[in-house]
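In: attaching a predicted model along with its sequence, questions to come.
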Amino acid sequence: MEDILAINGGKPVRNKFLPYGGQWIEYDDIEMVVKTLKSDYLTTGPKVKAFEEKVAEYVGAKYAVAVSNGTAALHGACFAADIRKGDEVITTPLTFAASANCILYQGGKPVFADINPKTYNIDVNDIEKKITDKTKAIIPVDFTGQAVDLEKIMELADRYNLMVIEDAAHAIGTEYKGKRVGSISHMTEFSFHPVKHITTGEGGVITTNDKKLYEKLKSFRTHGITRDKKLLNNKDEGPWYYEQLDLGFNYRITDIQCAMGISQLSKLDKFIKRRRELVKHYNKLISQIDGVIVPHEPGYSNSSWHIYVIQLELDKLKVDRKKIFKALKEENIGVNVHYIPVYYHPYYQKLGYSKGICENAEKLYERIITLPLFPQMTNKDAEDVVKALNKVIKYYIK
């Protein structure tokens, strides 16, 4: 029965379902939250500032602004970059919709550049082809945690006077040529959703080295309101006085969340070390399975590995990705797919986008599957994943 696929009535490789990702919350994380709950501040207090300072220090940036979630961070960055109606912003289609939605929030137009078929990250050459006199910014995405080629992208941005908003939701702790992501682009966004490297429940951060951008980001997350006397139009009112200078949003994060974030951040290097160990284990075992391509990591990136994405060689298989996906699920392996190309979504189709824009991304989408990867996984868990994958591929190989 062990050779019979679970989808065909056989015994699954695992008795218990293994999710593709998950948070690792320990007693000290809980204790930090409880202490904050007993303090005088629940929101917009000392823990927010402390968390921002620790994130900035960790990535090597001058400033960090914490907000309610990663999407809010992207939105804030587009606001700070002064994206407006009629502006074009170039991004990748192989990402979560938020990477493009943030452009729409500001009235801009997302322009999709294709991916490099080897790294799965945005192709710098295609970015340049898509630049017009309306282009205002680039939003490259560090897909799976691997850094985009930041040196080339920043050179391109400098040549065409563009802003770079790096979507590093997958990549806190990743290094590009020895420098941590978050210290290089004009602005960098991180996410702290529970499946990410560390979590604040929901939450996000934007890092920057530019003080003007920093001030705009701080104002934007708090309704566009300031009490800073240097910025007030009426400087003669009393100490209670404040002014709304921009149409901002309530994107504030709480002290409760940031207390957890501070505790989690102290463990980030441990979490990343474990992710890298698991990826090394995966690569060694999965590279021996015919019909499957393991991720390629370029030499300039030392990835912190948010997700592990394999590519199926469909020409060697009797079935499509959907059948492989379903078969792995039945083996109790929590596979996923990252991502549906953004412009495939009905909302984007209504905006006038259509399939065929980015050939490499579309071809890859048909072939990719995300395997479980999170720090609490054991080597046995990883071996179960490989065993299930080998079992399913062996059955469907031509």
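Out: Cool, the structure landed.

In: which residue ranges of the stretch 251-398 of the chain form helices?
Out: With DSSP state H, counting those that start in this stretch, the ranges of helices along the stretch 251-398 of the chain come out as 255-265, 268-286, 321-330, 346-350, 359-365, 379-396.

In: pLDDT weak spots in the stretch 1-150 of the chain?
Out: 1-2 (pLDDT under 70).

In: quick one: residues contacting Phe51.
Out: By Cβ atoms under 8 Å, 6 or more residues apart in numbering, Phe51 lies in contact with Ala66, Thr200, Cys258, Ala259, Gly261, Ile262, Leu265. Heads up, the C-betas are built off the backbone N, CA and C, glycines and all.

In: what's the burial count for the last one?
Out: For Leu265, the tally of surrounding residues (other Cβ atoms under 10 Å) stands at 21.

In: so it makes contact with Ile198?
Out: Yes - between Leu265 and Ile198 there is a contact under Cβ atoms under 8 Å: 5.9 Å.

In: all strands for the stretch 151-300 of the chain, in order.
Out: 163-167, 175-176, 179-180, 187-191, 204-208, 225-226, 243-244, 292-293 (DSSP state E, counting those that start in this stretch).

In: distance of the most centrally placed residue in the chain relative to Leu217?
Out: Nearest residue to the geometric centre of the chain (Cα atoms, centre = their mean): Ala169, 2.4 Å. Remark: distance between Ala169 and Leu217 (Cβ to Cβ, to the nearest Å) = 17 Å.

In: same thing with Ala50?
Out: For Ala50, the distance to Leu217 (Cβ to Cβ) stands at 18 Å.

In: same check, this time on Tyr41
Out: 21 Å.

In: what about the two, which has more around it?
Out: Per other Cβ under 10 Å, whichever of Tyr41 and Leu217 has more neighbours is Leu217, with 27 against 14.

In: not counting residues beside it along the chain, what's closest to the more buried one?
Out: Closest residue in space to Leu217, ignoring its immediate chain neighbours: Val65 at 4.2 Å, by Cβ to Cβ, 6 or more residues apart in numbering.

In: secondary structure class for the one you found?
Out: Three-state assignment for Val65 (DSSP: H, G, I helix; E, B strand; the rest coil): strand.

In: beta partners of it?
Out: Beta-bridge partners recorded for Val65 (DSSP bridges): Ile206.

In: what kind of secondary structure is Lys136 in?
Out: Going by three-state DSSP: Lys136 is strand.

In: returning to what we had before: comparing the helices of the stretch 251-398 of the chain, which comes out most buried?
Out: helix 255-265 (a mean of 25; mean count of other Cβ atoms under 10 Å).

In: Tyr160 contacts Thr135, correct?
Out: Yes - Tyr160 lies in contact with Thr135 (Cβ under 8 Å); the separation is 6.8 Å.

In: more neighbours: which of the two?
Out: Neighbour count, other Cβ under 10 Å: between Tyr160 and Thr135, Thr135 has more, with 21 against 15.

In: need the contact list for the more buried one.
Out: Asp87, Glu88, Val89, Ile90, Val111, Tyr160, Leu162.

In: again, 7 Å this time
Out: Shown in contact with Thr135 (Cβ atoms under 7 Å, 6 or more residues apart in numbering): Glu88, Ile90, Tyr160, Leu162.

In: out of those residues, which is nearest to Tyr308?
Out: Ile90 (27.1 Å; Cβ to Cβ).

In: what sits opposite the closest one in the beta ladder?
Out: Here Ile90, judged by DSSP bridges, has bridge partners Val111, Ile138.

In: that one: how many residues sit nearby?
Out: By other Cβ under 10 Å, 26 other residues sit near Ile90.

In: please begin residue numbering at 49 from this point
Out: Okay, using 49 as the starting number, the last item reads as Ile138.

In: my read is that Ala205 contacts Val212, right?
Out: Yes - between Ala205 and Val212 there is a contact under Cβ atoms under 7 Å: 4.8 Å.
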